[in-house]
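Peer 1: Mind looking at a prediction? Sequence and model below.
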Amino acid sequence: MEPLVSVIIPVYNTQRYLEEAVSSILNQKYKNLEVICVDDESTDSSPAILAGFAKKDSRVRVFRKKNGGGGSSARNFGLDRATGEYLYFFDSDDVASPSLIQKAVGRAVETGADVVAFNGFTFKNDDLSAKQFKDGYNRAVLNNIKTDTFSYRDFPARILELVNIVPWNKIVRRSLVADNSIRFDELSSTDDLTFSVLCMAYADKVAVVEDRLIYYRLGHSGTITSTMKNKLFNVKKALESAESRLRRLPYYDEIALSAANLYINNYSFIFANYTYDFESEQCREYYEFIHERFLQPDLCNIEKKQLNNAYTYAAYTAVKSHTYEQMLALRSRDITVSLTTYPGRIAYVHSVIENIARQTMKPARVLLWLAREQFPGGEESLPQSLLDCKSRGEVQIKWCADDLRSHKKYYYTMLEYPEDLIITVDDDLIYPDDMIHKLYQSYLAYPGCISAMRTHIVGVDRDSRTILDYSRWIKEFDRDILVPSTQLFATTGAGTLFPPHVLDERVFDKENIKNLCPLADDIWINLMALAKGTETVCVTGSFHLNYCAPQEDSLFWVNVNANKNEEQYEAVTAMLEKSLGSGYFYSIVTKSDNALDLSNPPALIDYAEHLRTVIRSLDKKLQKTYDEKSEINAKLQKTYAEKFERGVEIKKLRAQLAAAKKRKGFFARLKRFIKKTPLYSVLKKLR
């Protein structure tokens, strides 16, 4: 007999999706189910829909409870009435794959696991075709395990983060829950944290299924997650609930680092994503609590390598390093996004502005600087697509008298808004929707640094103590994200945040801009940052240039193909070192207290050593390629020989076939001739 599975579905005003959701459970290939639907006093037609299901299918059990406690209360209500060997908690607006229960239970029976986790999809706007893959567990870690199951014994430092903390990505053995009194915290958000964490901590065996078995709907107003905004203290209550239970475990010391990751990850996530109204009393209380919590002995000394997420470490560092008043001062600054364009790109710039308008974190303003001499007709000469952006409030169009080319994107904005956080972008790129958010979180962690989406490494030669030509730098280096360094060079148009006062005051020297560095604003700005001693931070490891405009007349091609980058870098360096001292830039780029290791390839090292490392790697790859080529050539020669032999044989067979056809034709004609002779007629009568 297949084990009974209790599917528990909390229901509250989901009439639009309820029939599809429940049907996806009842139509499972695995049939031995009890479907416990807990109606939380819905005021729509949900109760009638549930009654219809119960009438048609005896596996459906419908309960109606007094409203209150949210989905967690309904899940606990169903949990108390479940009789199955396994539990599955399913939401009333989601869709289950037909094989969900079959594959999950099959894995549980096969391995004896207490918890079986699986992957899924998320989707928005009722559009399943636009689904996005959602990890149910940490594949990067678990794909390398050599056993069918695992537990805290196998991953003591990571066990609490290996399976995502949601109820819908796992089935759980009911005895595990009952024997250890595991419940859902009755909160309006983060209610599933304690339940999931304790299941992983107590489980003797955990298994996974690689398949994507659930379609989780995002954005439905009736779901629990959509009401999380401003519920700051729910995460505090949930984590304290989980921590009080975890500390009772006899093996807590073994999983203490995993617990620290759990606390820091969740407290930091709420700080980074839900403390929008930072001046409110609620945000103040929450921040002061996590600031003090991060300074307590069990959390205050967590190193970056011990946390499993660089962005979490940045938030953790920011919170730990700043009092509420200090953080309030950092967060009180407006964000201004600034860009420029010219007639050749004016038709495309609306795409960039619309992209900035879609950012998950909104700036206070977006400024587009235009030179009057390039658009003598003023706004009447601008395309309607750009004017539409202005009318929607997505951009302010600003006019300047001097055409400083690409320098316009920072120059005038920094003068007009000297205390703002200024993010420079280009007029031909589309950015990730979380670009501003990532730059801002980096700023909070490192408020005295420039934060950039894309960085290069300034190449140096230690033998001659010189900075190498721009063409020989290590481009698009993103191995060490969220680590400040003077050897990182920000490409300003790819999305770069400048806090106030991080550039040398000579950055506004208009004459030297025109004479020394007219075509490369990023070279000018980076050297002005180094002249002030400012470090740069790379904020992402996966940024790619996504162009939205033609590149035929791009400054990039002018600077690279005509060696203008080298000329401008040398000219600005020479100008600044007259006052800073000869060799200043080499010294500051290679300073000994640089946060990145300059002696460990392939970190921030001199170019010659980097090149030697690259050549060694290429030599190995080339040799492997030569070997593979030799093997392929040998196979080709063999194939050609076999083909030739087959070709000869085929020709012989075709000749034999042609001869057979000729003989067949001859005999057919002979037969027809014989049938027409008088002798054949006589012989036929005799027969």
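Peer 2: That came in fine, so what should we check first?
Peer 1: Just give me the longest strand of this protein.
Peer 2: Ordering each strand of the chain by length in residues (DSSP state E) puts strand 206-218 first.
Peer 1: Return the distance of that one from the chain's centre.
Peer 2: Relative to its chain's centre, strand 206-218 lies at 18 Å (C-alpha atoms, centre = their mean, to the nearest Å).
Peer 1: show me the contacts for Lys231.
Peer 2: Lys231 sits next to 187-190, 274 when contact means C-beta atoms under 8 Å, 6 or more residues apart in numbering. Where you see a C-beta, it was placed from the backbone N, CA and C, and this is true even at glycine.
Peer 1: Can you pick out the most distant pair from those?
Peer 2: Leu187 and Tyr274 (14.3 Å; C-beta to C-beta).
Peer 1: between those two, who's got more neighbours?
Peer 2: Ranked by neighbour count (other C-beta atoms under 10 Å), Leu187 and Tyr274 place Leu187 first, with 23 against 17.
Peer 1: Phi first, then psi, for the more buried one.
Peer 2: When read as degrees, to the nearest 10, the backbone of Leu187 gives phi -120, psi 160.
Peer 1: for this structure, where's the lowest mean pLDDT among helices and strands?
Peer 2: helix 555-561 (a mean of 52; mean pLDDT, DSSP states H and E).
Peer 1: List the neighbours of the helix or strand following it that are in contact with it.
Peer 2: Using DSSP states H and E, the helix or strand that follows helix 555-561 in sequence is helix 564-580. With contact meaning C-beta under 8 Å, 6+ apart, helix 564-580 is reached by 467, 469-471, 504, 506, 512, 516-520, 523-524, 527, 531, 558-559, 583-585.
Peer 1: What average pLDDT does helix 564-580 get?
Peer 2: Regarding helix 564-580, the rounded mean pLDDT is 93.
Peer 1: what does stretch 663-681 give?
Peer 2: In this model, stretch 663-681 has a mean pLDDT of 67.
Peer 1: what residues are up against the most centrally placed residue in the chain?
Peer 2: What sits nearest the mean C-alpha location of the chain, by C-alpha atoms, centre = their mean, is Ser542, with 8.6 Å. Residues near Ser542 by C-beta under 8 Å, 6+ apart: Asp478.
Peer 1: before we move on, which element is it in?
Peer 2: Using DSSP H and E, Ser542 sits within no helix or strand.
Peer 1: Likewise for Ile422?
Peer 2: Per DSSP H and E: Ile422 is located in strand 421-424.
Peer 1: What strands flank that strand, and is each parallel or antiparallel?
Peer 2: Using DSSP bridges, strand 421-424 pairs in its sheet with strand 335-340 (parallel), strand 496-498 (antiparallel).
Peer 1: Quick one: closest of these to Glu379.
Peer 2: For Glu379, the closest of the strands paired with strand 421-424 is strand 335-340, at 15.8 Å, according to C-beta to C-beta.
Peer 1: Alpha carbons only: can I get the closest one in PDB?
Peer 2: This file holds the C-alpha atoms of strand 335-340, laid out as PDB (Å, rounded to 0.1, in the frame of the first residue of the first chain):
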ATOM      1  CA  ILE A 335      20.100  59.400  -5.500                       C
ATOM      2  CA  THR A 336      20.500  61.200  -8.800                       C
ATOM      3  CA  VAL A 337      21.000  59.300 -12.100                       C
ATOM      4  CA  SER A 338      22.800  61.400 -14.700                       C
ATOM      5  CA  LEU A 339      23.500  60.800 -18.400                       C
ATOM      6  CA  THR A 340      24.100  62.700 -21.600                       C
END
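Peer 1: Could you identify the helix or strand that succeeds it?
Peer 2: Per DSSP H and E, strand 335-340 leads on to helix 349-357 as the next helix or strand towards the C-terminus.
Peer 1: and after that next one, which helix or strand comes next?
Peer 2: The helix or strand immediately downstream of helix 349-357 is strand 365-371, counting by DSSP H and E.
Peer 1: isn't Ile436 right up against Val337?
Peer 2: Yes: look at Ile436 against Val337 with C-beta atoms under 8 Å: they come within range, at 7.5 Å.
Peer 1: between the two, what contacts are shared?
Peer 2: By the contact definition C-beta under 8 Å, 6+ apart, Ile436 and Val337 are jointly contacted by 356, 363, 423.
Peer 1: How much space separates Ser6 from Asp179?
Peer 2: For Ser6, the distance to Asp179 equals 16 Å [C-beta to C-beta, to the nearest Å].
Peer 1: Please say which of those two ends up with more neighbours.
Peer 2: Ranked by neighbour count (other C-beta under 10 Å), Ser6 and Asp179 place Ser6 first, with 22 against 10.
Peer 1: quick revisit: now, which of the contacts of Lys231 sits nearest Ala108?
Peer 2: Thr190 (26.9 Å).
Peer 1: Dihedrals phi and psi, the closest one?
Peer 2: Per degrees, to the nearest 10, the backbone of Thr190 is at phi 60, psi 20.
Peer 1: and what of Asp192?
Peer 2: Torsion angles, degrees, to the nearest 10, at Asp192: phi -100, psi 0.
Peer 1: Now it: closest residue in space that isn't a chain neighbour?
Peer 2: Leaving aside its sequence neighbours, Asp192 sits nearest to Pro167 (C-beta to C-beta, 6 or more residues apart in numbering; 4.9 Å).
Peer 1: quick one: the one you found and Gly78 touch, right?
Peer 2: No: between Pro167 and Gly78 there is no contact under C-beta under 8 Å: 11.3 Å.
Peer 1: any common contacting residues for those two?
Peer 2: The overlap between the contact sets of Pro167 and Gly78 (C-beta under 8 Å, 6+ apart) is empty.
Peer 1: Spit out the contact partners of the residue nearest to Ala357 when sequence neighbours are not counted.
Peer 2: In space, Ala357 comes closest to Glu394 once its chain neighbours are excluded; the distance is 4.5 Å by C-beta to C-beta, 6+ apart. Applying C-beta under 8 Å, 6+ apart, one finds that Glu394 lies in contact with 353-354, 356-357, 366.
Peer 1: quick one: secondary structure of the closest residue in space to Leu503 that isn't next to it in sequence?
Peer 2: The shortest distance from Leu503 to any non-neighbouring residue, by C-beta to C-beta, 6+ apart, is to Met528 (4.5 Å). What DSSP: H, G, I helix; E, B strand; the rest coil gives for Met528 is helix.
Peer 1: Just confirm Met528 contacts Phe508, I think it does.
Peer 2: No: applying C-beta under 8 Å, one finds Met528 not in contact with Phe508, separated by 9.3 Å.
Peer 1: These two: who's more crowded?
Peer 2: Met528 (20 against 16).
Peer 1: Now do the phi/psi pair for Ala96.
Peer 2: With angles defined as degrees, to the nearest 10, Ala96 sits at phi -100, psi 140.
Peer 1: residues contacting the residue nearest to it when sequence neighbours are not counted?
Peer 2: Distances taken as C-beta to C-beta, 6+ apart put Ser24 closest to Ala96, at 4.3 Å, once the chain neighbours are dropped. Counting by C-beta under 8 Å, 6+ apart, Ser24 touches 94-98.
Peer 1: repeat for Leu187
Peer 2: Leu187 touches 70, 72, 231, 234, 237-238, counting by C-beta under 8 Å, 6+ apart.
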